[in-house]
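In: sequence and predicted structure, then a few things I'm wondering about:
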Amino acid sequence: MKQQSSPAFGQAASGSIRLLSDQLISQIAAGEVIERPSAVVKELLENAIDAGATRIDIRLQSGGKKQIIVTDNGSGIPPDQLGLALVRHATSKIASLHDLENVLSLGFRGEALASIASVAEVDIISRTSAGSHAWSISGSATTGEPVPASALPGTTVDVRELYINTPARRKFLKSDQTEYGHCLDVIRRIALAHPEIHFSLYHNDRLSLQWPSGTLQERSTAILSPDFVRDHFYLDTTTEHGTAGMRLYGYLGLSTALRSRADLQYFYVNGRFVRDRVLTHAVRAAYEDVLHADRHPAYVLFIEVPPTHVDVNVHPAKTEVRFRDSRAVHQFIRHSIEHALTRPTDGTASVRTALPSASRTASVPGLPSFTPSRRPGAHWRDLPGLGNFGASRPDEVSAGPAAMPLTGTDPADAAPPFRPLGYALAQLNEVFILAQNEHGLILVDIHAAHERILYEKLKTDLNEKAIQVQPLLIPVVFRADPVQTGTAETHRDALLAMGFDISSLSPDTLSIRSAPALLSDTDLELMVKDMLSELHEFGVSAIPDEKRNELLATIACHRSVRAKRTLGAVEMDALLRQIEVTRNADVCSHGRPTWVQIDWEALDALFRRGR
């Protein structure tokens, strides 16, 4: 009898349709939910938070591969419901579609514990506040009935030997330290969103981290780098129109403290950490005017949206969301951050801009180092402007009437009005202005500061005029895919508002008939394709503004005061006054700092005064 050969590699075996077992279904689901030990930690922490815990202890062995124990002091699970905790799609969070559409809890799918139990050994010990003792249940028990146990009110979930039932998956895990690092990242993200909860982390029976309950600022200080904590300010704003009830709050890194990596970026939607391209794109667009090269902003931001306006049931891992009106969310975030970066409204901003390391410390052994900084509370944008430093030539600048005399008058007798950047003392190496204010000395990069002033003036002048549209003598025709064609038709009004007249000649051909005059010399086909891609993904595009701003930045750079140009006292003071009333004056249009401050305390320390 001829034997039936097995199917070749990559060829599906044919067979009858059959129902899968519950165990296999849970193991398949675990492939999406439980990718590694950190996913187990995330699911258990979310359950503890949903239970109202105020203290959570996490214990890991071998990076979580050998054992994960999460103990909380939450509400606990009644003994008659403990058996359901390990059953697929059993949950206390939702009971109907209406509940799902309005869900605010972190967990709701009812499959995490069942998925974990399908690939590991799981024990649960829980006690309610009204219970006289705790009850325990094991995922490997044959009866599935809870048994009495001893424990404090709350719940402890003990997960051992992850992927013991699926050894092939175990081979994909990395080293203990790598897996521990992933667990630590998850704990950080969740702890940042819940500063009211005390977190403790033990690894291999040793206390690794402990974060007491407190405020968001205290938790951010404990978790994030000192540089971020020092170079941030608080933002809290709500919508006045559009999608009702949106609120954005949290900490934004200053434009002078951009990072080389996007490693300090945390965004939460209704308390849930998410990775969403609409949100990250909105933040980056808000920083676009001060970003330099491949630098990245740092932030911890929370947005509250009515639950009916956001779908959190997109992926089993629950790190993705979908907004009903992504364009409104994008615009709200972008404009809120742009406004906050331009006009700080409280004294929480503490701006510190470091000098190059060679200039930061004196080259004498034993002398302390100092970091030039900008003091909080000096809100330049609220002061009336003096002078007009927007002239194309520095010798055309007129000084402000309150310029402090540099000779012949005692400054105390002159009693000049308070100016955050003080008054000019000298020009150093024909590159910097040395000024003095009540906090210490100010160093200003003349070219960088004047470049920002001219850049903002050019933008303001351009924005005050209607967009100048240039009809194209020969339309630009290019092939487009169905997505691009459909996007161009859907967003035709938005494209016209940006100055682009784009029409469809056929299902796979688009024609550009007009474009903004300022951008008519650019590669219109490439620009429009990028715009259509952004419009399709985010519902909004800022590419025309970005291209325009790049051109304006180049013009401002060439028209600004060049290095090695001698300025008079009046010109230097006029430049200081103009910086004080210019938006985004901390950095030039290429992202470089325009000024730094050296405090009196730092100067005293250099000369060991008071010691």
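Out: Alright, I've got the coordinates. Numbering: from 1, shown residues only.
In: can you pull the pLDDT of Asn429?
Out: Per-residue confidence (pLDDT) for Asn429: 86.
In: cool, and Asp508?
Out: 88.
In: hmm, who's touching stretch 470-487?
Out: Residues outside stretch 470-487 that contact it (CB atoms under 8 Å, 6 or more residues apart in numbering): 488, 501, 504-505, 507-517, 520, 524-525, 528-529, 532-533, 535-536. (C-beta placed from N, C-alpha, C; glycine too.)
In: let's see which of these end up in helices.
Out: 488, 524-525, 528-529, 532-533, 535-536 (DSSP state H).
In: circling back: of the contacts of stretch 470-487, select the buried ones using a PyMOL command.
Out: To isolate the buried members of those in PyMOL, using 16 or more other CB atoms under 10 Å:
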select buried, resi 488+501+504+510+511+512+514+515+516+524+528+529+532+535+536
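In: is it true that Ile453 lies in a helix?
Out: Yes: counting by DSSP: H, G, I helix; E, B strand; the rest coil, one finds Ile453 located in a helix.
In: going forward, the N-terminal residue is numbered 14.
Out: Fine by me, first position is 14 from now on; the one you just mentioned is Ile466.
In: what's the burial count for it?
Out: 23 (other CB atoms under 10 Å).
In: surely it touches Thr595?
Out: Yes: in this structure, Ile466 is within contact of Thr595 by CB atoms under 8 Å, at 5.1 Å.
In: what about the closest residue to Leu523 other than its chain neighbours, distance to Pro484?
Out: Distances taken as CB to CB, 6 or more residues apart in numbering place Ala493 nearest to Leu523, at 4.5 Å, with adjacent residues excluded. Distance of Ala493 to Pro484, given as CB to CB, to the nearest Å: 21 Å.
In: quick check on the two: which one has the bigger neighbour count.
Out: Neighbour count, other CB under 10 Å: between Ala493 and Pro484, Ala493 has more, with 24 against 11.
In: mind pulling the model confidence for that one?
Out: pLDDT recorded at Ala493 is 90.
In: ramachandran angles for it?
Out: Phi and psi for Ala493, reported as degrees, to the nearest 10, are phi -140, psi 150.
In: from Glu502, how far out is it?
Out: Taking CB to CB, one finds Ala493 at 11 Å from Glu502.
In: likewise Asn562?
Out: 28 Å.
In: and these two? Which one has more around it.
Out: For Asn562 versus Glu502, neighbours defined as other CB under 10 Å are more numerous around Asn562 (19 against 13).
In: which residues touch the more buried one?
Out: 301-302, 472, 602.
In: could these go into a markdown table alongside neighbour count and pLDDT?
Out: Below are those laid out as a markdown table (neighbours: other CB atoms under 10 Å; pLDDT from 0 to 100):
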| residue | neighbour count | pLDDT |
| --- | --- | --- |
| Glu301 | 15 | 81 |
| Asp302 | 23 | 78 |
| Lys472 | 19 | 78 |
| Ser602 | 26 | 73 |
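In: tell me which two in those are the farthest apart.
Out: Based on CB to CB, the longest span within the contacts of Asn562 runs between Glu301 and Lys472 and measures 12.3 Å.
In: what strand or helix carries Tyr262?
Out: Assigned by DSSP states H and E, Tyr262 belongs to strand 260-266.
In: what comes up buried for that strand?
Out: By 16+ other CB under 10 Å, the buried positions in strand 260-266 come out as 261-266.
In: given that strand, what are its sheet partners and their directions?
Out: With DSSP bridges as the test, strand 260-266 is paired with strand 245-251 (antiparallel), strand 312-317 (antiparallel).
In: centre of the chain to the longest one, how far?
Out: Meaning strand 245-251. Computed by CA atoms, centre = their mean, to the nearest Å, the chain-centroid distance of strand 245-251 equals 13 Å.
In: repeat for the last one
Out: Strand 312-317 has its average C-alpha position 7 Å from the chain's average C-alpha position, going by CA atoms, centre = their mean.
In: what average pLDDT does it get?
Out: 92.
In: output it as PDB, restricted to C-alpha atoms.
Out: C-alpha atoms of strand 312-317 as PDB (Å, rounded to 0.1, in the frame of the first residue of the first chain):
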ATOM      1  CA  TYR A 312       7.400  65.000  26.800                       C
ATOM      2  CA  VAL A 313       5.000  63.300  29.200                       C
ATOM      3  CA  LEU A 314       1.500  64.200  27.900                       C
ATOM      4  CA  PHE A 315      -2.000  63.100  28.800                       C
ATOM      5  CA  ILE A 316      -5.000  63.700  26.600                       C
ATOM      6  CA  GLU A 317      -8.500  63.100  27.900                       C
END
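In: any idea which helix or strand comes after that strand?
Out: Downstream of strand 312-317 (by DSSP H and E), the next one is strand 323-324.
In: hmm, who's touching that following strand?
Out: The contact list for strand 323-324 (CB under 8 Å, 6+ apart) reads 282-283, 334-337.
In: what does stretch 466-473 give?
Out: By CB under 8 Å, 6+ apart, stretch 466-473 touches 402-403, 562, 565-566, 568-569, 572-573, 588, 591-592, 595-598, 601-602.
In: mind running it again at 6 Å?
Out: Contacting residues not belonging to stretch 466-473 are listed as 402-403, 565-566, 569, 572-573, 591, 595-596, 602 [CB atoms under 6 Å, 6 or more residues apart in numbering].
In: same question for stretch 509-520.
Out: Contacts of stretch 509-520 (CB under 6 Å, 6+ apart): 480, 482, 498, 501, 508, 523-529, 557.
In: quick one on the thing from earlier: how about the strands paired with strand 260-266 in a markdown table, adding distance to Asp458 and mean neighbour count?
Out: Formatted as a markdown table, those follow (distance: least, CB to CB, whole Å; neighbours: other CB atoms under 10 Å):
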| stretch | distance to Asp458 | mean neighbour count |
| --- | --- | --- |
| strand 245-251 | 23 | 18 |
| strand 312-317 | 26 | 21 |
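In: nearest to Gly152, out of those?
Out: strand 312-317 (35.3 Å).
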